Every structure is written in C-alpha cells, then in structure tokens.
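Trainee: need coordinates for the below:
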Amino acid sequence: MKVLFLDTVHPVLAERLTAAGMDCVDGTGQAAEEAVAAHGDAQGLVLRSRIRVDAALLDRLPDLRFICRSGAGLENIDIASAHFRGIKVYNSPEGNRDAVGEHALGMLLSLMNLLREADLSVRSGQWDREGHRGMELSGRTVGILGYGNMGSAFAGKLTGIGCRILACDPYRSHIDGDLSGAVRAVDLTTLRREADVLSLHCNLTPETRGMVDRAFLTSFAKPIILINTARGPVVSSSGLLDALQTGHVMAAGLDVFERETTSFETVANEGDPVWMRLMAHPRVQVSPHVAGWTEESYVKLSSVLADKVLADFGD
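Mentor: Residues are numbered from 1 along each chain as shown. Next comes the predicted model:
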C-alpha cells in the first residue's frame, strides 16, 4: 500500500506505517498537484489544512482508500465525495485536545488577571498594583459552545477551579453530568443568560460561519469574556469590535481569525481597518493559531492517525 505524504507531520506516522509494510512516499517537496500526478496509484494520503481535497483531486487518485488529516478540522476535505468513493477519512483531534484546553485556560486566566498589561507596565518602570487588580475564575460561570474533543478537554481543565461549567452542543448527547457531574448541559438561551465566559469549540460549518456576530454577542445577559481557539470565521471581527465598544464583551482571547488563509500560516488582512483596530484593542489578546501546537501534540497527532489507519489496514 502506497501512502503519499503531501504535508509534513511528525515522522512517527511514516515510521509506524512503514513498519506495517506500507510504502510511505514523501511528496512534501512538490506542489500537491505534481505529487498527485506522480503518484496517482497512492492508496493513502496524508495532509494538514493547506491542501483542498475535492472531487477533482479524488478522481486523480482512483486507488485511494484513506485520507489522514493531521489535526481536528475537516473543512478542507470534501467528505461526501470521499465517502461516496468508499474512502475512509481520519483526523486526530484526540492528539491536540489537551493542548487546546490548556491554551484556552491560559488565555482566560491571563485576561482575567491582566498578566500582559502587568508585564508591560513593570517593564516600563511602573509599579501599579491597583491598576492591575484581577478577577477570580472561581465562582464564575464558564459557557462552552461545542462539546467535542476540544470543548470537553477545556472543561476538564476547569474542574477543580471552582467555577460552574455549562456546555451547549445540540449535536451531542450525554453531556449532562460529564466529568463526575461537573458539567451541566444547557440550551443556547440558558448559556446566554448565565455565562460570564464564553469559550468557542465548534466546528466551522455553514451554520457556524459568522455565527458569533454583534447580535449574538450583545444577546448575553452579562458582559462576557470571549475565548476563540476553534475557527476564526466563526466570529465576526467587526461584530466583536462593536461588542467590545458597547461593553457586552469585556475582553477577548483569540487564537484564530476571520481572514486566516486555509493553511493557517498567515492572515489576509493587510490594510484592513477592522484587523488594525482588533490588533490595537487593549482588551484583545492574540496568538497565531497555536492552541493545539505543542511539542507533545506534534507527536500525538501522528500517533493517533497511525492507530486509526493500522486498526483498519494493518495486518
């Protein structure tokens, strides 16, 4: 079985597939179209988010039996076309769920305790203790929108802190009472009424694209802190800025952005006034789509994929 690698992933995936007798071909030094043209007999495909796998590409790989997407999101893969052809599609959210949960918690604690502002203040020669009085997470209500691998991992990091955890996900059952009763399943109306914090962990779909806009954010009963480690286009940047201006959003921690390129390597925001305002806002803290990007997750993402492929195609 020939497996074509179109993107760089941790070598443990190729090592384990090779040990199982598969022929792993490195196509990362070529454009994806060239690599596919040269290896049209590939039965496996490995990639990340950069490459769009559509029906046209699948037609050029008639022997393809599986696709490995290193990471969680599958929006770059035409799932319906793959399934129609009998192609299995694997992703590996189990590999970076803990990294995302920790990053979301770190952003939240940093925002609540003004850590970035305090650091810059002390470095500039000031010693303003009163101006950097923080807030405690204990006793507050954290709302999680989307309760898959990432949302449940974030909930796990919150246990023991003493906050209330509400989870809203209309597509998942058995949420209520998760983590030894720490999690309460609620509908969106209840989430809007009770949450002090909103952390997004939903997939990017036609339903969720642009869902978190001005109207959505201003519908919360209390001023909230927003955390987004999911997908940038779920949140309207202009809507978020409006909600920050009106005070409906107290602060925001963003690891992902509305106008990221599909590779997640850059943002297409040059000269965009909304982007400039977002980056200049004193109550917005940002990171470059690295919530799931740790030393440990790099290994685990590939290990999870190897487990899944070998469970179906190993000897």
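Trainee: flag every buried residue along stretch 288-302.
Mentor: Neighbour counts over stretch 288-302 (16 or more other Cβ atoms under 10 Å) mark 289, 291-294, 297-302 as buried. (Each C-beta comes from the backbone N, C-alpha and C, glycine too.)
Trainee: so this structure: which segments form each domain?
Mentor: 2-91, 97-286 (automatic domain parsing).
Trainee: tabulate the ones you listed in JSON lines, adding columns for mean neighbour count and mean pLDDT.
Mentor: Formatted as JSON lines, these follow (neighbours: other Cβ atoms under 10 Å; pLDDT from 0 to 100):
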{"stretch": "domain 2-91", "mean neighbour count": "18", "mean pLDDT": "96"}
{"stretch": "domain 97-286", "mean neighbour count": "18", "mean pLDDT": "96"}
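Trainee: before we move on, the earlier item: wait, which of the buried residues of stretch 288-302 is closest to His83?
Mentor: For the buried residues of stretch 288-302, the minimum distance to His83 (Cβ to Cβ) is 22.6 Å, reached by Leu301.
Trainee: any idea how many residues pack against the closest residue to the closest one other than its chain neighbours?
Mentor: Take Leu301 and drop its neighbours on the chain: the residue closest to it by Cβ to Cβ, 6 or more residues apart in numbering is Gly95, 3.6 Å away. Neighbour count for Gly95, taken as other Cβ atoms under 10 Å: 25.
Trainee: pretty sure Gly95 sits against Ser303.
Mentor: Yes - Gly95 is in contact with Ser303 according to Cβ atoms under 8 Å; the separation is 6.8 Å.
Trainee: which stretch of helix or strand covers the most centrally placed residue in the chain?
Mentor: Of all residues in the chain, the one closest to the mean position by Cα atoms, centre = their mean is Ala230, 3.4 Å from it. Assigned by DSSP states H and E, Ala230 belongs to no helix or strand.
Trainee: so what's it up against?
Mentor: Ala230 makes contact with 146, 150, 200-204, 256, according to Cβ atoms under 8 Å, 6 or more residues apart in numbering.
Trainee: so can I have JSON lines of those residues showing secondary structure and distance to Val100?
Mentor: Below are the contacts of Ala230 laid out as JSON lines (DSSP: H, G, I helix; E, B strand; the rest coil; distance: Cβ to Cβ, whole Å):
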{"residue": "Gly146", "secondary structure": "coil", "distance to Val100": "11"}
{"residue": "Met150", "secondary structure": "helix", "distance to Val100": "5"}
{"residue": "Leu200", "secondary structure": "strand", "distance to Val100": "11"}
{"residue": "His201", "secondary structure": "coil", "distance to Val100": "8"}
{"residue": "Cys202", "secondary structure": "coil", "distance to Val100": "13"}
{"residue": "Asn203", "secondary structure": "coil", "distance to Val100": "13"}
{"residue": "Leu204", "secondary structure": "coil", "distance to Val100": "15"}
{"residue": "Val256", "secondary structure": "coil", "distance to Val100": "11"}
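Trainee: out of the residues you listed, which is nearest to Asp59?
Mentor: Lowest distance from Asp59 to those (Cβ to Cβ) belongs to Leu204, with 25.2 Å.
Trainee: mind listing what the closest one touches?
Mentor: Residues near Leu204 by Cβ under 8 Å, 6+ apart: 73, 75, 230-231, 233-234.
Trainee: for it, which non-adjacent residue is spatially closest?
Mentor: Arg231 (3.9 Å).
Trainee: you'd agree that neighbour is up against Val256?
Mentor: Yes - contact criterion Cβ under 8 Å: Arg231 and Val256 qualify, at 5.7 Å.
Trainee: anything in contact with each of these two?
Mentor: Contact criterion Cβ under 8 Å, 6+ apart; residues shared by Arg231 and Val256: none found.
Trainee: helices of this structure, residue ranges please.
Mentor: 12-19, 32-38, 55-59, 79-84, 93-112, 115-123, 149-158, 178-181, 188-194, 214-217, 237-246, 273-280, 295-313 (DSSP state H).
Trainee: TSV for those helices, including distance to Glu130?
Mentor: Listed next are these as TSV, based on distance: least, Cβ to Cβ, whole Å:
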stretch	distance to Glu130
helix 12-19	51
helix 32-38	56
helix 55-59	59
helix 79-84	54
helix 93-112	16
helix 115-123	11
helix 149-158	28
helix 178-181	37
helix 188-194	30
helix 214-217	29
helix 237-246	23
helix 273-280	25
helix 295-313	38
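Trainee: closest one to Thr141 among those?
Mentor: Nearest to Thr141, of all the helices of the chain, is helix 188-194, at 5.1 Å by Cβ to Cβ.
Trainee: report all helices and strands that the closest one contacts.
Mentor: strand 141-145, strand 164-168 (3 or more Cβ pairs under 8 Å, 6 or more residues apart in numbering; DSSP states H and E).
Trainee: tell me which residues are up against it.
Mentor: Contacts of helix 188-194 (Cβ under 8 Å, 6+ apart): 141, 143, 145, 164, 166, 168, 186, 198, 219-221.
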